[in-house]
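# test case, fold it:
(2 chains)
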Amino acid sequence: MKSRIVFVFIFVVACWLCFPCNAGAQQGYCFNTYFSTYINSSVGSDHASVIQTVQVSGNISLNNPSVWAGPLTGWIYPCTSQNNAMQSASHTYKITNLVGSTGGNYSEAAPALNYNTYSITITAPVTPGTVYSGSEVELITCSAAGTIFNGGGGLYIEVAYTRAVSTGAQSNCYWNQKITQEVCDISAQVWCTAASSPPDYPVAAVSSQVYPPPAPNWWETFDVCVAYGSPGHYRPWLCSPFGLALEQYTALPAPAICTYNP
Amino acid sequence: MWILKGSLLGVGLFLVGAILFLIATTGPFRANRAIGLSVITGLTIHNPLFWVAFFASLMIGCAIVGSWPTAAKV
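Numbering: from 1, shown residues only, chains lettered A, B, ... in the order given. Down below sits the predicted model:
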């Protein structure tokens, strides 16, 4: 039984290590978030109080990806307006720091593009031997983009679906001599409806056969993704590097309803 | 019975090896990159060496199980 638990632990850790370390930062579409939380609780020198510090710090960086919107419209930049709004936006940092009945909700506003640290320390009187309920929540809302970070909540997992369209650019090509096949990384753009954009799994490239021709025009892609948070505050989703793409060789269809759980 | 056990062991060995082979050949892995089905089938069911490895694994599994020491009957 013990060896089975150890095996399961090693398996879970191995799977977790398979996720790219910086994938969380790459998952962002119009912006990347770089926030971290810190919680520390210690007993006061009088042995009759608890000192609890909750801190959230970090910043965001802006992206401006291009999306191929078809031959009539050409390339569009869906993040431009939001990026402009971010220049004058503010972020509200909200912390809940509670031990028993001491503490509460605290908030602070700061310019959206600045690195900011917000820390709240409370000293709560306690009676040794008594169990107190406590809670800590770190929430950052942006006046231009809504909630961008949620330090509370649980771990969620999903199989994400995204339709991706080829932009034609090929890289990292190699030759599979056994079956006379050439494989390349083909640059891709997501092809999802506005209501399901940006998708949880923002496919940027697909490794596909280019010889014998033709190369695929678009793909239906699937991947397992995880997120930490609560409904409405899941982003960013962290997807495994083992996404599967089904190659399609027909004309480009309408944008799909991709998996989108904000 | 030993053929069944050997086949199961061989299939297990083969699956582990196939997964490690796919990971090694389709990497390096990056975020937001998917692997096309044509690449996976090209490395597996369309690859003659894949089937050679499959039957070799079955034989190795049977050989291992067949060589297991059994309790002597009194």
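# walk me through the domains of chain A.
A:30-150, A:154-248 (automatic domain parsing).
# out of those, which gets nearest to residue B:8?
domain A:154-248 (25.6 Å; C-beta to C-beta). Heads up, the C-betas are built off the backbone N, CA and C, glycines and all.
# so the closest one, near chain B or not?
Yes - with C-beta under 8 Å from any C-beta of the partner chain as the criterion, chain B is reached by domain A:154-248 at A:164, A:176, A:178-179, A:181, A:183, A:185, A:201-209, A:216, A:219, A:221, A:223, A:239, A:241-247.
# what's the pLDDT at residue 28?
With no chain named, the answer covers chain A. We note a pLDDT of 65 for residue A:28 in this prediction.
# that was the other one, I meant chain B.
pLDDT recorded at residue B:28 is 74.
# how about the one 3 residues further on?
Per-residue confidence (pLDDT) for residue B:31: 79.
# next one: residue A:78
pLDDT recorded at residue A:78 is 81.
# likewise residue A:138?
Listed pLDDT for residue A:138 reads 68.
# same check on residue A:247?
We have a pLDDT of 92 for residue A:247.
# the helix or strand that contains it pairs with which strands?
According to DSSP states H and E, residue A:247 maps onto strand A:243-248. Here strand A:243-248 is paired, per DSSP bridges, with strand A:218-229 (antiparallel), strand B:33-36 (parallel).
# just the buried ones from the residues of domain A:154-248 next to chain B?
Among the residues of domain A:154-248 next to chain B, those buried by neighbour count (16 or more other C-beta atoms under 10 Å in any protein chain shown) are A:164, A:176, A:181, A:183, A:185, A:201-209, A:216, A:219, A:221, A:223, A:239, A:241-245, A:247.
# any weak-confidence spans in the chain?
Going with chain A. A:1-28, A:41-43, A:47, A:127-138, A:147, A:150-155, A:229-235 (pLDDT under 70).
# was after chain B, sorry
In chain B, residues with pLDDT under 70: B:71-74.
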